[in-house]
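Enquirer: turn this into a model:
(2 chains)
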Amino acid sequence: MNCRDVIDFLMHYLDGELPENEQTLFKKHLDECPACVNYLHNYQETVQLGKGCLCGPDSPLLPIPEELVRAILSTRSR
Amino acid sequence: MDASTATMPAADANEVALLQALRAGDDRAYGQLVRTHAGQLLATAQRIVQNEEDARDAVQEAFVSAFRSLGSFAGNARLGTWLHRIVINAALNKLRRRQRKPERSIDSLLPAFVADGHAANPAVEWRESSETALQRKETRALVRDSIDMLPEIYRTVLMLRDIEGLETEETAQALGVTTAVVKTRLHRARQALKSLLDPHFQGGAL
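Expert: Coordinates of the predicted model:
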């Protein structure tokens, strides 16, 4: 397994979907390749950044205009 | 995804009572349902369609669909989760109906390799953890802006899987593609997002 294979199979590895023999080869490559370890780390951090970027106090929660509430509720009588 | 068939943890007692009131046609219960969930639903729709007017339309359409499906709603999902799935479908319909703009290729944001399969540009570990970086408003804005720069088919999958929390199968159903396509697009979307964030994190803290 080379860097291309490891990066291609990264998500399958993280999701536990790699067959055992391929998982062994994957880990063997990581033991020998710091660049792929770094890539794996940064990839995982990217996922966390994506998940976390909408969770702060500046999360774009829009105010609900009263006319939208009324418009939604008025659809019941149609 | 059918509005009546989401399967999630059982609703709590308050939701059971609310559902009974809704089915009995109680006006106050309808008002409560809308006012409780419309904010989150509008935010979800806005993230997907990136346009306030379309987002409002999607939320309205989602509630119309939900009101019609209340009779067949099995009650094995949280109402919020159920509505969330419905608004995602309404927002995706808006996206599909909208004229598509030409999208740039994602290739330049994917890793390159030399002939023997080694990385052409070996990765350098980011110096700051996501947890620390996310404390800052600027980082959160940078990540949101970077996600918005992704070509739409990749941005949509990343939004549904990593941000809205849909499973692969649910995402595939919502988008009308196979689970294999969802997995491929998600992996590429994450790789491309990483490339967009690399310059900001390789040199240390933002």
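Enquirer: where does pLDDT dip in chain A?
Expert: A:55-62, A:77-78 (pLDDT under 70).
Enquirer: okay, buried residues for the helix or strand harbouring A:Leu49 please.
Expert: In this assignment (DSSP states H and E), A:Leu49 forms part of helix A:34-52. Buried residues in helix A:34-52, counted by 16 or more other Cβ atoms under 10 Å in any protein chain shown: A:35-40, A:42-43, A:45-52. (C-beta placed from N, C-alpha, C; glycine too.)
Enquirer: list the helices and strands it packs on?
Expert: helix A:3-8, helix A:10-14, helix A:20-32, helix B:130-133, helix B:137-148, helix B:179-202 (3 or more Cβ pairs under 8 Å, 6 or more residues apart in numbering or on different chains; DSSP states H and E).
Enquirer: nearest to B:Asn76, out of the ones you listed?
Expert: Smallest distance to B:Asn76 across those (Cβ to Cβ): 23.1 Å, for helix B:179-202.
Enquirer: quick one: buried residues of the closest one?
Expert: Buried-residue list, helix B:179-202, by 16+ other Cβ under 10 Å: B:182-198, B:200-201.
Enquirer: one step back: return the member of the buried residues of helix A:34-52 nearest to B:Val34.
Expert: Nearest member of the buried residues of helix A:34-52 to B:Val34, counting by Cβ to Cβ, is A:Lys51, at 27.6 Å.
Enquirer: number of residues surrounding the residue nearest to A:Glu45 when sequence neighbours are not counted?
Expert: Distances taken as Cβ to Cβ, 6 or more residues apart in numbering or on different chains place B:Ser130 nearest to A:Glu45, at 4.4 Å, with adjacent residues excluded. B:Ser130 is flanked by 22 other residues according to other Cβ atoms under 10 Å in any protein chain shown.
Enquirer: name the nearest of the buried residues of helix A:34-52 relative to B:Leu79.
Expert: Of all these, A:Lys51 has the smallest distance to B:Leu79: 23.5 Å, by Cβ to Cβ.
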